[in-house]
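Engineer: How does the following fold in three dimensions:
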Amino acid sequence: MIKHLSFLFCVILFIGSCKKDETDPVISNVQLDEDLRNALIDASDGNGIEHFKLPQSNDFNNIPQDPNNPITTEKVNLGKFLYHETGLAINPKQELSMETYSCASCHFASAGFQAGRAQGIGDGGIGFGINGEGRNKGALYEGAEIDVQPVRTPTAMNGAYQKNMLWNGQFGATGLNVGTENLWPSGTPIATNHLGFEGLEIQAIAGLGVHRMDINSDFLEKYPEYKTYLDATFSDLPETERYTKETMGLAIAAYERTLLSNEAPFQKWLYGEEVAMSDLEKQGAILFFGKANCSSCHNGPALNKMEFHAIGMKDLYDCPEEIFQANENSSANLGRGSFTTNSADNYKFKTPQLYNLADSPFYGHGASFRSIRDVVDYKNKAISENSNVPNAQLAQEFIPLNLTETEINALTEFLEISLRDNNLKRYEPEMLPSGNCFPFNDPMASNELGCD
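Structural biologist: Numbering: from 1, shown residues only. Modelled structure (predicted):
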């Protein structure tokens, strides 16, 4: 009897193992790791897997930087304060918004340094909610008064790997903007390019004015710590040149260059921690750098590229959420063409970096998607959703990928989990010299943030 049972047990095991091999082959972790390494090497233009590594945030020698704004510890520490400092909001449209918003209002850590809503709101907004989704227009503000942009708020993550900033790349005197000096008209934010800095620096300097922030003697008297920090950081400048939008912007940009998602599971895997990613994530990564060909546009340490492509996504005015100052006639809908005025650049938007996108559920320049999987599915089908974009303008890379549902799931897993650094709070100050709440300081947001 025992012999018969043993034989039957062996038969069952044999049949079961054969069935598993036929329908659900098991790939060892070792094989997956080897396949991923090979895919990365193939996608690295001969540079190897080092091509995809992000440096540590204090490794200034290996962080791309503007030679005219070298990164220093003092500058980064000052920039961290200024970036979050709601006390800089000294020029709001209405006095009730004085000292209530900051750079971080539209680019804060828990949202992956994006906004927590489809369209970020600085001056004129109230509230926070759970993760910025509760930010709304203040009742006493007109829609035309609030501080918003007519495209989805881009992330501040990994900006060190972009020479030119914004969806249309208009900020920055270097990189792709060399030779566009005739497109920097005086009296406009773009004229800040004439200072000669790279995109992060220009964006920070221009952004302070655009978003109604500044310092003055009253600010420095009220918060004297900032004068001390500015004196120490810019001691090489005459005292009369230390307390300006330019010096503040340079400090903010230096800090932004250290906002690197180097603790994401994929980065940990690159540095040798092979258990940091699950088998499914590794399968998704192999697809990303292989069959799906995502790396043809998303490459390098930040998985971005300083190129502009039209992939037919809808514009911000089409959003179901409440949107302000965006409409079908906005020049922002033209992407790079809105800056260059070259029709060949119309509808082409900058290829974004891909880290921590899972922290804010709005995707595309027009925030037309609500999940990463939706974006993957859109690119897999490659059918334009924006009827305003001529087929002739669509990128040649925008073609069906022929991924299966299983492959879409794996690719989504890689994008959502492997590329998410879940410790971005390390980039926030514990508190500000002003003692103000951040990223918002209006009474409603302060209460929701627990600052009261």
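
Engineer: mind checking the end-to-end distance for stretch 285-301?
Structural biologist: Across its full length, stretch 285-301 reaches 14 Å between end residues, using Cα to Cα, to the nearest Å.

Engineer: how far is it from where the chain is centred?
Structural biologist: Between the centre of stretch 285-301 and the centre of its chain there are 18 Å (Cα atoms, centre = their mean, to the nearest Å).

Engineer: Next: stretch 66-85.
Structural biologist: For stretch 66-85, the distance to the chain centre is 19 Å (Cα atoms, centre = their mean).

Engineer: Please apply the same query to stretch 263-278.
Structural biologist: Using Cα atoms, centre = their mean, the offset of stretch 263-278 from its chain centre is 20 Å.

Engineer: Name the nearest residue to the residue nearest the centre of the chain, sequence neighbours excluded.
Structural biologist: Geometric centre of the chain, nearest residue: Thr155, 2.4 Å, by Cα atoms, centre = their mean. Closest residue to Thr155 apart from its sequence neighbours, by Cβ to Cβ, 6 or more residues apart in numbering: Gln114 at 4.6 Å. For the C-beta atoms, the positions are set from N, CA and C on the backbone; glycine is no exception.

Engineer: hang on, the earlier thing: can you give me the distance of the residue nearest to the centre of the chain to His51?
Structural biologist: 21 Å (Cβ to Cβ, to the nearest Å).

Engineer: Kindly report the same for Tyr83.
Structural biologist: 29 Å.

Engineer: Which of these two has more residues huddled nearby?
Structural biologist: Tyr83 (28 against 16; other Cβ atoms under 10 Å).

Engineer: any idea whether that one is helix, strand or coil?
Structural biologist: Three-state call for Tyr83 (DSSP: H, G, I helix; E, B strand; the rest coil): helix.

Engineer: repeat for Met306
Structural biologist: strand.

Engineer: gap between the nearest residue to it once chain neighbours are set aside and Ala332?
Structural biologist: Of all residues not flanking Met306 in the chain, Lys163 sits nearest, at 5.7 Å (Cβ to Cβ, 6+ apart). According to Cβ to Cβ, Lys163 stands 21 Å off from Ala332.

Engineer: same deal with Leu195?
Structural biologist: For Leu195 relative to Ala332 (Cβ to Cβ), the value is 23 Å.

Engineer: These two: who's more crowded?
Structural biologist: Neighbour count, other Cβ under 10 Å: between Leu195 and Ala332, Ala332 has more, with 21 against 15.

Engineer: what's the pLDDT at that one?
Structural biologist: Ala332 is assigned 97 on the pLDDT scale.

Engineer: Need the nearest residue in space to it, chain neighbours excluded.
Structural biologist: Pro150 (4.1 Å).

Engineer: Hmm, Gln325 and the one you found touching each other?
Structural biologist: Yes: contact criterion Cβ atoms under 8 Å: Pro150 and Gln325 qualify, at 5.8 Å.

Engineer: These two: who's more crowded?
Structural biologist: Neighbours were counted for Pro150 and for Gln325 using other Cβ under 10 Å; Pro150 has more, 21 against 17.

Engineer: so where's the protein uncertain?
Structural biologist: Scanning the chain for pLDDT under 70 picks out 1-28.

Engineer: how about the strands in it?
Structural biologist: 125-126, 136-137, 305-309, 349-351 (DSSP state E).

Engineer: which of these is buried the deepest?
Structural biologist: strand 125-126 (a mean of 26; mean count of other Cβ atoms under 10 Å).

Engineer: what does it contact?
Structural biologist: 101, 105, 135-138, 146-147, 440, 442, 444-445 (Cβ atoms under 8 Å, 6 or more residues apart in numbering).
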